[in-house]
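Chemist: my questions concern the predicted model and sequence given below.
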Amino acid sequence: MFLDIHDQYTTPQTATPQQPPVSSKLSFDIYWAQSEDDIRAAQRLRYRVFSRDMRARLTPPLGTPPGLDADAFDPFCEHLLVRAPGAEPGVRGPLLGTCRVLPPAAARRACGLYVDTEFDLQPLQLLRKQTLELGRSCVHPAWRTGTVIMALWRELGQYMLRQNLHTMIGCASIPLTDGGHSARMLWQCLQHTHLAPLPWRVQPRTALPLDAADGAPAAQAEGGQKIDIPPLLKGYLRCGARLLGPPALDVAFNTADLPMVLCLDGLAPRYRKHFLGN
């Protein structure tokens, strides 16, 4: 998963850590996993979000400890973590957010990208040597105001510069709790405004049925009700991300996955300095 839309999920009563007031000046602890413990912490947060909050039916590899979200791509990925400031110097605070990246060399060792399992990426073959896959992004429910995602993306931008990569690929996951209505309407709307160039278009291996959206107005649902783009997806589109094609059906996660791409050359000017510096 590239962009996981979790804003619509309510925060469990036991959610921790508590978020400080918005006006607080925060200094997040942002770092790449250096140990198995770091990776386990990321997988534990992923399990909490995907299994407990989203009710995904996870099938981790045999031997995975309970309470972790893991798959066959994890050993090939680099894992980025964002923690809250520690209570005292030298002590790391609670984990707030995480994502993983699969750079080109590691993708070759893994025999492909995670997105390959959902889409036919043949049209993007020439981009692979400089394409990074972003996936399994998630944020603790008490911290879903955008600040953690922005912190993750700032480090991701620097990582791409260090690795001389110019393209990022992944999926925007839309929950199917409404039977797929929102996902179909989002595709119907966004294909008119945010679709990638024709040579880059890809097709899902298992498509989300779109018949229910046929003939509906681009920016409205049936009956004239306006469809709101989820805040995180809207933010990424503002950065310059584009859809590569229609959504795939992810049965295990109960989501519709929109394939997306973001090229650094196409990064919106207002975000370029924030993500890439000077």
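Modeler: Looks like it arrived, so ask away. Residues are numbered from 1 along each chain as shown.

Chemist: for the stretch 151-278 of the chain, give me the ranges with low pLDDT.
Modeler: 212-227, 231-232, 278 (pLDDT under 70).

Chemist: where along it do the helices fall?
Modeler: Assigned by DSSP state H, counting those that start in this stretch, the stretch 151-278 of the chain shows helices spanning 181-190, 231-239, 269-276.

Chemist: these: which one's closest to Val251?
Modeler: Nearest to Val251, of all the helices of the stretch 151-278 of the chain, is helix 181-190, at 13.6 Å by Cβ to Cβ. In this view, the C-beta of every residue, glycine as well, is placed from N, C-alpha and C.

Chemist: the closest one versus helix 231-239: what angle between them?
Modeler: For helix 181-190 against helix 231-239, the angle by axes from the mean of the first three to the mean of the last three Cα atoms, to 10 degrees is 10 degrees.

Chemist: helix 181-190: how far from the chain's middle?
Modeler: Relative to the centre of its chain, helix 181-190 is centred 18 Å away, using Cα atoms, centre = their mean, to the nearest Å.

Chemist: which parts of the chain are strands?
Modeler: Secondary structure of the chain (DSSP state E): strands at 3-4, 29-32, 78-83, 95-102, 119-120, 131-139, 167-175, 203-204, 242-243, 248-250, 255-263.

Chemist: just send the ones you listed back as a markdown table, with mean neighbour count and distance to Ala196 too.
Modeler: Formatted as a markdown table, the strands of the chain follow (neighbours: other Cβ atoms under 10 Å; distance: least, Cβ to Cβ, whole Å):
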| stretch | mean neighbour count | distance to Ala196 |
| --- | --- | --- |
| strand 3-4 | 26 | 15 |
| strand 29-32 | 15 | 29 |
| strand 78-83 | 21 | 25 |
| strand 95-102 | 25 | 20 |
| strand 119-120 | 18 | 12 |
| strand 131-139 | 25 | 13 |
| strand 167-175 | 26 | 11 |
| strand 203-204 | 18 | 13 |
| strand 242-243 | 21 | 4 |
| strand 248-250 | 21 | 16 |
| strand 255-263 | 25 | 6 |
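
Chemist: can you redo these as CSV with distance to Arg108?
Modeler: Shown next, in CSV, are those (distance: least, Cβ to Cβ, whole Å):
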stretch, distance to Arg108
strand 3-4, 25
strand 29-32, 20
strand 78-83, 15
strand 95-102, 10
strand 119-120, 18
strand 131-139, 12
strand 167-175, 15
strand 203-204, 23
strand 242-243, 25
strand 248-250, 23
strand 255-263, 19
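
Chemist: closest to Tyr159 out of those strands?
Modeler: Among these, the nearest to Tyr159 by Cβ to Cβ is strand 95-102 (6.9 Å).

Chemist: which one of the helices of the stretch 151-278 of the chain is the most hemmed in?
Modeler: helix 181-190 (a mean of 22; mean count of other Cβ atoms under 10 Å).

Chemist: make CSV out of the helices of the stretch 151-278 of the chain and add distance to Leu127.
Modeler: Output for the helices of the stretch 151-278 of the chain, formatted as CSV (distance: least, Cβ to Cβ, whole Å):
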stretch, distance to Leu127
helix 181-190, 21
helix 231-239, 18
helix 269-276, 19
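
Chemist: Tyr47: which of the ones you listed is closest?
Modeler: helix 231-239 (20.1 Å).

Chemist: that closest one - contacts with which helices or strands?
Modeler: strand 3-4, helix 147-162, strand 167-175, strand 255-263, helix 269-276 (3 or more Cβ pairs under 8 Å, 6 or more residues apart in numbering; DSSP states H and E).

Chemist: chain center to it, what's the gap?
Modeler: Distance of helix 231-239 from the chain centroid (Cα atoms, centre = their mean) equals 11 Å.

Chemist: what angle sits between it and strand 167-175?
Modeler: For helix 231-239 against strand 167-175, the angle by the same axes, to 10 degrees is 150 degrees.

Chemist: distance to Asp116 for the helices and strands packed on helix 231-239 - can I get that in CSV?
Modeler: CSV is the format used below for those (distance: least, Cβ to Cβ, whole Å):
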stretch, distance to Asp116
strand 3-4, 18
helix 147-162, 20
strand 167-175, 10
strand 255-263, 11
helix 269-276, 26
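
Chemist: select, out of those, the one closest to Gln125.
Modeler: Smallest distance to Gln125 across those (Cβ to Cβ): 12.4 Å, for strand 167-175.
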